[in-house]
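Chemist: Sequence and predicted structure are below.
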Amino acid sequence: NAGVTQTPKFQVLKTGQSMTLQCAQDMNHEYMSWYRQDPGMGLRLIHYSVGAGITDQGEVPNGYNVSRSTTEDFPLRLLSAAPSQTSVYFCASSSPGQGSPLHFGNGTRLTVT
Amino acid sequence: QQPVQSPQAVILREGEDAVINCSSSKALYSVHWYRQKHGEAPVFLMILLKGGEQKGHDKISASFNEKKQQSSLYLTASQLSYSGTYFCGTVSQGGSEKLVFGKGTKLTVNP
């Protein structure tokens, strides 16, 4: 079982560059979300989706775009990278319903210089 | 709004007990607990739904006080493998399914 797959694992960007972090899951989960993790800040929710075609903002959405055209994929786009976006990014998914656990991907470590 | 976790860090000797607390200013539907080891992704421990239930998983258990919007994670007879950062995540009542995490509690278990 692949579970939640994130690519790439590591990425270095220059300020102003754009890129897309990929996230795919093969568990037919309706709910998907993106978090960023910074030292001392915990996991902060960027965007989330409760199904294909439906997305919503989390706690720290500025500078990030998402779309959900299929159940399996939930890419995160940085349109113009900034040093403040240096972080570890986790994608997670779960079944419908609030009693379902999140399954996390292995993370993407992004550095913006 | 992130739930508030306390303490921020705790150091134990093997066999000792610990309690990690999580509180929210919002009415909660559920509380999740996860453990993350250094350089790895968070791993699910348990979920508590509104209703004040208590759950257990080996020597790790948790409670959820719906009236106070508080949850506590109990680690008894700690083992070296319990070391890591523990996160609580909360889903608020009101329809949104989004899960918001606290800042974490770093637990170190020494021999």
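Modeler: Looks like it came in fine.
Chemist: give the contact list for the most far-flung residue of chain A relative to its centre.
Modeler: Distance from the centre of chain A peaks at A:G99, with 21.0 Å (CA atoms, centre = their mean). Residues counted as contacts of A:G99 (CB atoms under 8 Å, 6 or more residues apart in numbering or on different chains) are B:30, B:47, B:49. For the C-beta atoms, the positions are set from N, CA and C on the backbone; glycine is no exception.
Chemist: rerun that using 6 Å as the cut-off
Modeler: A:G99 is in contact with B:47, B:49, counting by CB atoms under 6 Å, 6 or more residues apart in numbering or on different chains.
Chemist: Retrieve the pLDDT associated with it.
Modeler: Looking at A:G99, its pLDDT reads 78.
Chemist: That one is in what secondary structure piece?
Modeler: Using DSSP states H and E, A:G99 sits in no helix or strand.
Chemist: After the lowest-mean-pLDDT helix or strand in chain B, which helix or strand is next?
Modeler: None of the helices or strands of chain B scores lower by mean pLDDT, DSSP states H and E than strand B:54-57, at a mean of 68. The helix or strand immediately downstream of strand B:54-57 is strand B:60-65, counting by DSSP H and E.
Chemist: what helices or strands is that following strand leaning on?
Modeler: Packing partners of strand B:60-65 (3 or more CB pairs under 6 Å, 6 or more residues apart in numbering or on different chains; DSSP states H and E): strand B:43-49, strand B:70-75.
Chemist: Name the strands paired with the first one and say parallel or antiparallel.
Modeler: By that I understand strand B:43-49. strand B:28-36 (antiparallel) (DSSP bridges).
Chemist: Could you pull up the mean pLDDT of the partner strand?
Modeler: The model assigns strand B:28-36 a mean pLDDT of 94.
Chemist: Near chain A, which residues of chain B are found?
Modeler: B:29-30, B:41-42, B:44, B:47, B:49, B:91, B:97-98, B:100-104 (CB under 6 Å from any CB of the partner chain).
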